[in-house]
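>>> no sequence on hand, only this structure:
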């Protein structure tokens, strides 16, 4: 799980491993680094991070088989709108 401090810490409470990504860090480099780890099957990445590197992220998502790259809203975004995680998962899986 990659995202802002609040979202990552909340997901950690739910049992996910996570990493807080600061504004000056390269999101694509972090994804590439984590994709080399055998134990990583999926990466949840908050939309605010994806928006910083949208074009490269979309290319990686189409090419990579593992890990699965899943864009999710941050906790801040969730407060502003209802989130349908099932729809997000279906979109990622192409169903």
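Received the coordinates, thanks. Here the structure is a predicted model, which is why all the values come from computation and not from measurement. Numbers count the residues shown, from 1 in each chain.
>>> can you map out the strands along the chain?
In the chain, the strands defined using DSSP state E lie at 2-3, 19-20, 42-46, 68-72.
>>> which strands border the second one, and is each parallel or antiparallel?
Just to be clear, that refers to strand 19-20. Strand 19-20 has the following sheet partners, assigned by DSSP bridges: strand 2-3 (parallel).
>>> and for residue 39, the neighbour number?
Residue 39 has 7 neighbouring residues, counting by other C-beta atoms under 10 Å. (Each C-beta comes from the backbone N, C-alpha and C, glycine too.)
>>> let me see the confidence value for it.
For residue 39, the pLDDT comes out at 91.
>>> likewise for residue 79?
Per-residue confidence for residue 79 comes out at a pLDDT of 58.
>>> in TSV, list the strands of the chain along with distance to residue 35.
Formatted as TSV, the strands of the chain follow (distance: least, C-beta to C-beta, whole Å):
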stretch	distance to residue 35
strand 2-3	12
strand 19-20	13
strand 42-46	8
strand 68-72	9
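>>> now mean pLDDT too, for those, in JSON lines please.
Shown next, in JSON lines, are the strands of the chain (pLDDT from 0 to 100):
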{"stretch": "strand 2-3", "mean pLDDT": "96"}
{"stretch": "strand 19-20", "mean pLDDT": "94"}
{"stretch": "strand 42-46", "mean pLDDT": "93"}
{"stretch": "strand 68-72", "mean pLDDT": "91"}
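>>> so of those strands, which one's packed in deepest?
strand 2-3 (a mean of 24; mean count of other C-beta atoms under 10 Å).
>>> what are the contacting residues of that one?
Residues lying outside strand 2-3 but in contact with it, judged by C-beta atoms under 8 Å, 6 or more residues apart in numbering, are 8, 11, 18-21, 27, 30-31, 34, 43-46, 48-49, 72, 74.
>>> please apply the same query to stretch 51-59.
Residues from elsewhere that reach stretch 51-59 (C-beta under 8 Å, 6+ apart): 27, 28, 31, 45, 50, 69, 71.
>>> between which two of those residues is the distance greatest?
Across the contacts of stretch 51-59, the two members that end up farthest from each other (C-beta to C-beta) are 28 and 71, 13.9 Å apart.
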